[in-house]
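Chemist: The sequence and its predicted three-dimensional model are supplied below.
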Amino acid sequence: MLEKKLRRELNLDPMDLKSNHAAPVLTDPTPLSKSRLGVPSSLLQYSPPGAAFSAGLILAIPRRKAGLLDDVRSNSWLDAMKSSSPPHRKITKDVNNEPVANEADIAYHTWMVKYPSALTYFEQITNYAKGKRIALFLDYDGTLSPIVDNPDCAFMSDAMRAAVRRVAKHFPTAIISGRSHDKVYEFVGLKELYYAGSHGMDIMGPGRQSTADDHRNGFRTSDKQGKDVNLFQPAAEFLPMIGEVYESLVESTKDIEGAKVENNKFCVSVHYRNVDEKSWPAVAQCVHDVLKDYPRLRLTHGRKVLEVRPMINWDKGKAVTFLLESLGLSDCEDVLPIYIGDDRTDEDAFKVLRAGNRGYGILVSAVPKESNAFYSLREPSEVMEFLKSLVMWRKSSAL
Ligand SMILES: O=P(O)(O)OC[C@H]1O[C@H](O[C@H]2O[C@H](CO)[C@@H](O)[C@H](O)[C@H]2O)[C@H](O)[C@@H](O)[C@@H]1O
């Protein structure tokens, strides 16, 4: 394998949790000060009387000097929009119609030196996992289902569903998605998993006594099957506001051909994948106009999508920590969390695992990009392979 050869030539040590990367790197091509919104500091501290909202969850984002409109005009939004999803891979063929390595392939294999394939290095992962309990966290779009033009049609294959079902028999498994909880549950349809929707702001976790009690926005309830669950919704008070923003964005983008607004319950996604690039500034402008009226909301970028969400200190990383606690698996030396995801919002989870040398992030990407993950997989089909390999390994190690 080219990647292994490169690793040998560069004399890189085999992976272990402590040695992969010296310094974490950021994936967002837009500097924080440009990609996030400036709001008066007085507003950052505001929470309405009686709001069930921990002070620690309010996100402190530094005030920016330039206005939002400057952001759109100065192209920082547009640059981020352009770089938000990789172009399709071009396959070059030789005279015999065989694929040949082109510059992009070489760049990808060089990148894999830093983010080795979790399939090629599967044995290394399982060696580290020996005697440990694996907890699995999976993103949905781009990880379990391929990226498609219509977000309503991002179905996962039956084969993938079967692989997820099997893996969940052996390891506690949670889906952490930007979609609404109900939507991602509808797509996946497996009741044996835990689900966190709205980028972790809508968690239905196991019904252990201790956890929800520790969080002011959590409560115990039962799910559709009557099972005890902990519901945790740290942005609950934003629900009416998100509803208003959704309505307003549907209205303001209705004349932009291809634009699609999705209500993800605690966040709103504005898709521009099917919008002509010439009209991207118009999409950005609509989002900008809404944000200026809602200083307690912020913008994040996903794959050809602008997302408007509450300005609270909660993300997929926090959701992983919460779920580990709920599962009784936090602060345990013998637990190995593995998180697989493809997008910028997954980086928050990769960071959490990397920060405490707690587990492995696996980035799903067909193009080189900086990440806090340890390993990589090229596409959802490789994710499925990896899940199947985990099951086979667990079965053989149980013999
Ligand atoms: O956290 P995830 O499960 O990865 O969800 C992130 C967003 O995924 C969806 O949008 C993306 O996938 C669509 C379907 O392939 C694609 O059309 C779109 O361009 C992508 O951005 C979903 O629609 C969003 O609501 C999620 O936030």
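Modeler: Received the coordinates, thanks. Numbering: from 1, shown residues only.
Chemist: Now Arg394: closest residue in space that isn't a chain neighbour?
Modeler: His170 (4.6 Å; C-beta to C-beta, 6 or more residues apart in numbering). For every residue, glycine as well, the C-beta is placed using N, CA and C.
Chemist: residues touching the residue nearest to Val287 when sequence neighbours are not counted, list them.
Modeler: Using C-beta to C-beta, 6+ apart and skipping the chain neighbours, the partner closest in space to Val287 is Leu306 (4.9 Å). By C-beta atoms under 8 Å, 6 or more residues apart in numbering, the contact list for Leu306 reads Trp77, Met81, Ser269, Val270, Tyr272, Val283, Ala284, Val287, Leu299, Thr300.
Chemist: which one of those residues is nearest the ligand?
Modeler: Ser269 (3.8 Å; C-beta to the nearest ligand atom).
Chemist: Show me what the closest one bridges to in the sheet.
Modeler: Glu262, Glu307 (DSSP bridges).
Chemist: That one against Gly302, yeah?
Modeler: Yes. If you go by C-beta atoms under 8 Å, Ser269 and Gly302 touch, sitting 7.2 Å apart.
Chemist: what touches both of those two?
Modeler: Shared contacts of Ser269 and Gly302, counting by C-beta under 8 Å, 6+ apart, come down to Gly178.
Chemist: what helix or strand is the closest residue to the ligand within the chain on?
Modeler: Nearest residue of the chain to the ligand: Gly178, at 2.6 Å (C-beta to the nearest ligand atom). Assigned by DSSP states H and E, Gly178 falls within no helix or strand.
Chemist: wouldn't it be in contact with Glu307 here?
Modeler: Yes. Gly178 is in contact with Glu307 according to C-beta under 8 Å; the separation is 6.8 Å.
Chemist: still on that earlier bit, enumerate every residue touching the residue nearest to Arg394.
Modeler: So His170 contacts Leu390, Val391, Arg394, Lys395 (C-beta under 8 Å, 6+ apart).
Chemist: Close to the ligand: what parts of the protein are there?
Modeler: Residues of the chain that fall close to the ligand, judged by C-beta under 6 Å from any ligand atom: 139-142, 147-149, 151, 154, 177-179, 262, 264, 269, 271, 273, 302-305, 307, 343, 345.
Chemist: ok so, going back, residues touching the residue lying closest to the residue of the chain closest to the ligand once chain neighbours are set aside, list them.
Modeler: Leaving aside its sequence neighbours, Gly178 sits nearest to His199 (C-beta to C-beta, 6+ apart; 4.9 Å). His199 makes contact with Ile176, Ser177, Gly178, Phe266, Cys267, Glu307, Arg309, Asp315, Lys316, Ala319, Thr345, according to C-beta under 8 Å, 6+ apart.
Chemist: what's the closest of those to Val100?
Modeler: Thr345 (35.4 Å; C-beta to C-beta).
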